[in-house]
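# Quick one, what's the 3D model for this:
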Amino acid sequence: MNLFADIKTLVLDSLAALQGEDTLPADLDFANVAVEPPRDALHGDMATNAAMVLAKAAKMKPRDIAEALAEKLAADPRITAADVAGPGFLNLRLDPAQWLAVVPTALKAGTDFGRSAIGANTKINVEYVSANPTGPLHVGHTRGAVFGDALASLLDFAGYTVTREYYINDGGAQVDVLARSVYLRYLEANGQEVAFEDGTYPGDYLIPVGQAVKDKYGDTLVGKPEADWLVDLREFSTDAMMDLIRSDLKSLGVEMDVFYSEKSLYGTGQIEAALSDLNDKGLIYEGYLEPPKGKKPEGWKPRKQTLFKSTEHGDDVDRPVKKSDGAWTYFAPDIAYHYNKIERGFDELIDVFGADHGGYVKRMKAAVSALSAGAIPLDIKLTQLVKLYKNGEPFKMSKRAGTFVTLRDLVDQVGPDVTRFVMLTRKNDAPLDFDFDKALDQSKDNPVFYVQYAHARICSVMGKAAEAGHEFSDADLAQADLGGLSDPAELDLARKLGEWPCLLELAAKHHEPHRIAFYLFELASEYHSLHNLGKARPELRFWQAANPELSAAKLAMIRAVAVVLSAGLGILGVTPMQEM
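Just a heads-up that it's a prediction; the model follows:
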C-alpha cells in the first residue's frame, strides 16, 4: 500500500478529466507530475506540483490549473481538503481513515512493507570502497563503504538486481611500494635494522606480513636484488592486504559480491579492446594537450599522446589514454574496467568515489556514455571528508596505521551499528563530523540510540502486554478496529508510517540512503512523543485495561512502527534492538 501512489493516480485521472472537459489541452506530458510529502507538515498531508510543471505547456497560469484540479480532487471521499498555495502549489489533506489503513497493511507485510518494484529487476552495479590494497581501510573509506552498502540494500529493496563490487587497484606503482615496504618488515623479521624512507608504508600492520614472508622464504631473500623478489612479494603483499580489507569490511557488516582486479586488465587485451571500441567510433586520435588550466609550467613541453575525445560526451577537455612513451595512463584501465561492466550486461552503473576524485567524474561519465552510445547511465557519488572528535579534540592518529584512523579503530570504539548510522546522518556530499562522545551518548542527540530505543521501547510494551496475558500476533493486530485512534498525536504517527513507501521510492530514485536515516529518526520522534504523552494523559497509554479492543488498536499502531523501524534499519545495516 502506497498512499502517495494512490493519490498520484487520482491526480492523473483528474487531470485527464480536465482534458476531457477542454479545461486543459490534450497533448500534455504528465511525466513530471509528482505527489510527495509537503516541505512543511502544517501545510497538509501531501502536495502536488501538477499545476507548476504543466503551466508552460498548457499556456495557462499555474494557479488556474491548481484551482480546477483542486475542485476535482475535493470531490473524492479520500480528500478532506485541497488548498491552492502561492502561485499554484496544491496541498491536500486526507481522511484520517486513509492513514490508519496503513497499519494493518504494514502488519500483514512485515518488514517487506514498503518493498517496491520500481527497479523492475534492472541490473545495477554499485562499486564502492575500491581502496588501494596498500593498508587497512581508513575513516574516509568507512564512509564510502557504509554509503555504498546502504545504497545497494536500498536499491535491492526497491526492486533492482544489485551487484556489490570492489575494484582492486593492484595494477599501479603503489603496489610496488607496498612490496618494498613489506620487504623492509621482512628484513626486520630477520633481525636487521631498517629505515622507512619517504614514500614507503611504515604502519605496524605490515609487521605480521613481513613475518609471514620470513615464514615462507626463511632468509633466502635477504640481500637479494629487488628484481629477484619484487614480483613475488607484490602478489604476496596484495593478497595479505586484501585479506585485511575483507576482514575490516566484514567487521562493518559489508560483504561484496565481486572483487575485480585491475591487474587482470593488463596483458589480456581488455584495455586494447575498450580503446578499439572508442576508436571505431572516431573518438581516439593522436594529439597534444594544452598546459593545465591554460598555464604553462616551467619546463613544459607538449608531447604527442593518444587522446580520447571525451569533450564529445560532456567533458571539459579531451583526456590522454596512452603516454608519449607508449605506457597506458591511469585512465586507460578505468575505461577498460567500465567497458567490462557494460559487457557484463549491467543496465545502470553507480561509482562511489572519495571527494578527492571529484575531477574524475566528467571523464568517467564521458567514457561510459561513449562506450554504451549513451544507453547506460553512470551515477558517480562523492563522499566528503569525515572529521573525528574525541573529548572535544580532533582525533587523528592510529599507531597501527601510522598516519590515520582506521575503519577497525572506529568500529572498535563505537561498534558497527553506531558507525553505520552516524555515517548516514549527512548527505554523502556534505562534510561529516563524527564525535565519539556523542555517538555513544544515550539521548535524543544521538540519532542511532534514539531510533534503536524506539524499537526497544515498543518491544518492551508488547512484552508487558504479553506478561499481563494479552499476547497478540501481528495477524491478530491486523484485524483490530482502529476507529478509536483519533488523538492528533496518534494520527501524526499514522501519517508518518504512511510516508514510508513513498520515502523509500524517492530515496532509491535519487540514490540517497541518508533519507532513510532521516525518516527513521522522524518516525522514532513521533513514537517517543506519543509514548511520553501517555505519562500525563492516561487515555493515550497503549494498554487500556477497561477497553481491550482499544488496547489492541493502540498496540497494532506501535507494532506497525516497529515493523517499519526494523525494515529501515535493515536497509542501513543496523540492528533493531529488542532491549536497551
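# make it CA atoms for all contacts and neighbour counts henceforth
Noted.
# which SSE is the residue nearest to D315 when sequence neighbours are not counted in?
Spatial nearest neighbour of D315, excluding adjacent residues (CA to CA, 6 or more residues apart in numbering): K362 at 5.2 Å. Taking DSSP states H and E as the criterion, K362 maps to helix 361-371.
# Now tell me what touches that helix from outside.
274, 277-278, 310-316, 319, 334-335, 338-339, 374-380 (CA atoms under 8 Å, 6 or more residues apart in numbering).
# Which among these count as buried?
The neighbour count (16 or more other CA atoms under 10 Å) marks 274, 277-278, 310, 313, 315, 319, 334-335, 338-339, 376-380 as buried among the contacts of helix 361-371.
# Tell me which of these fall in strands.
Of the buried ones among the contacts of helix 361-371, the ones assigned to strands by DSSP state E are 319, 378-380.
# Helices along the stretch 301-450 of the chain, start to end?
Counting by DSSP state H, counting those that start in this stretch, the stretch 301-450 of the chain has helices at residues 331-343, 361-371, 407-414, 416-423, 436-439, 447-467.
# Distance from the longest one to the middle of the chain?
Yep, that's helix 447-467 we're talking about. Centre-to-centre, helix 447-467 and its host chain are 27 Å apart (CA atoms, centre = their mean, to the nearest Å).
# same thing with the second one?
Between the mean C-alpha point of helix 361-371 and the mean C-alpha point of its chain there is a distance of 22 Å (CA atoms, centre = their mean).
# Name the SS class of L289, please.
Secondary structure, DSSP: H, G, I helix; E, B strand; the rest coil: L289 is coil.
# about what we covered before: out of the helices of the stretch 301-450 of the chain, nearest to G86?
helix 447-467 (34.7 Å; CA to CA).
# Show me what the helix or strand following the closest one is packed against.
Next along the chain after helix 447-467, taking DSSP H and E as the criterion, comes helix 474-477. If contacts are counted by 3 or more CA pairs under 8 Å, 6 or more residues apart in numbering; DSSP states H and E, helix 474-477 sits against helix 102-109, helix 548-572.
# ok, now with 7 Å
Helix 474-477 sits against helix 102-109, with contacts defined as 3 or more CA pairs under 7 Å, 6 or more residues apart in numbering; DSSP states H and E.
# mind checking how far the helix it packs on is from the chain centre?
Computed by CA atoms, centre = their mean, the chain-centroid distance of helix 102-109 equals 26 Å.
# ok, back up a step: kindly indicate which of the buried ones among the contacts of helix 361-371 lies nearest F346.
Comparing the buried ones among the contacts of helix 361-371 against F346 with CA to CA places I376 closest, at 8.0 Å.
# Spatially central residue in the protein, please.
L151 (3.1 Å; CA atoms, centre = their mean).
# residues touching that one, list them.
Contacts here follow CA atoms under 7 Å, 6 or more residues apart in numbering; on that basis L151 touches 511-513.
# and what of K444?
K444 makes contact with Y450 under the criterion CA under 7 Å, 6+ apart.
# how much space is there between it and Y453?
10 Å (CA to CA, to the nearest Å).
# pLDDT below threshold where in the stretch 351-500 of the chain?
Confidence mapping of the stretch 351-500 of the chain against pLDDT under 70 gives the ranges 397-403.
# typo on my end, the chain
Along the chain, segments meeting pLDDT under 70 span 292-296, 397-403.
# May I see the domains of it written out as residue ranges?
Per the record's domain assignment (automatic domain parsing), the chain is made up of the domains 3-94, 173-239, 443-572.
# How far away from the center of its chain is the shortest one?
Think domain 173-239. Distance, stretch centre to chain centre, for domain 173-239: 37 Å (CA atoms, centre = their mean).
# quick one on the thing from earlier: and the domains of the chain: which comes nearest E393?
With CA to CA as the measure, domain 443-572 is the member of the domains of the chain nearest E393 (18.5 Å).
# start to end distance for the closest one?
20 Å.
# How about stretch 202-209?
Start-to-end span of stretch 202-209 (CA to CA) is 12 Å.
# Please identify the buried residues of that stretch?
Buried residues in stretch 202-209 (16+ other CA under 10 Å): 202-203, 205-207, 209.
# follow-up on the earlier one: nearest to N32 among the contacts of L151?
Of all these, H511 has the smallest distance to N32: 18.1 Å, by CA to CA.
# show me where the stretch 1-150 of the chain has strands.
Along the stretch 1-150 of the chain, counting by DSSP state E, counting those that start in this stretch, strands occupy 35-36, 46-48, 79-85, 89-94, 123-127.
# Just send the ones you listed back as CSV, with distance to E255 and mean neighbour count too.
Listed next are the strands of the stretch 1-150 of the chain as CSV, based on distance: least, CA to CA, whole Å; neighbours: other CA atoms under 10 Å:
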stretch, distance to E255, mean neighbour count
strand 35-36, 34, 21
strand 46-48, 38, 24
strand 79-85, 46, 18
strand 89-94, 43, 22
strand 123-127, 12, 23
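# closest one to F542 among those?
So among the strands of the stretch 1-150 of the chain, strand 89-94 is nearest, using CA to CA, at 24.8 Å.
# give the contact list for S443.
Residues near S443 by CA under 7 Å, 6+ apart: 449-450.
# make that A327, sorry
By CA under 7 Å, 6+ apart, no residues touch A327.
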